[in-house]
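Q: structure, please.
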Amino acid sequence: MVSASSACGNCAFFDEHHGNSAAATQDGGLCRFNPPVTQPTADAHGLWPVVSEKDWCGHFAPETAGGMTAAE
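A: Numbers count the residues shown, from 1 in each chain. The predicted structure follows:
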């Protein structure tokens, strides 16, 4: 079982961005562990995966002291 402290919202790779589109989620953010997902055309931008603060995965890394995250 995963601890609540190991949730995306507490991870160094979580970016408190409001998603990749205008439809923002209240507890959503971007996972910066992997590179953006590519798009079908060359002129389209890649998108970072949108996750909830309560989601989790096997790549959890605690936030660093001083408040800097991996996305900075």
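Q: show me what contacts the residue nearest in space to the middle of the chain?
A: Residue closest to the mean C-alpha point of the chain, counted by Cα atoms, centre = their mean, is Cys31 at 1.9 Å. Residues near Cys31 by Cβ atoms under 8 Å, 6 or more residues apart in numbering: 8, 13-15, 48-51, 57. Using the backbone N, CA and C atoms, a C-beta is placed for each residue, glycine as well.
Q: change it to 10 Å
A: 8, 11, 13-15, 48-51, 55, 57, 59, 71 (Cβ atoms under 10 Å, 6 or more residues apart in numbering).
Q: ok, now Asn10?
A: Shown in contact with Asn10 (Cβ under 10 Å, 6+ apart): 3-4, 53, 56, 60-63.
Q: looking at it now. What's its pLDDT?
A: Confidence at Asn10, expressed as pLDDT, is 93.
Q: quick check: the gap between it and Pro35.
A: Going from Asn10 to Pro35 by Cβ to Cβ, to the nearest Å gives 22 Å.
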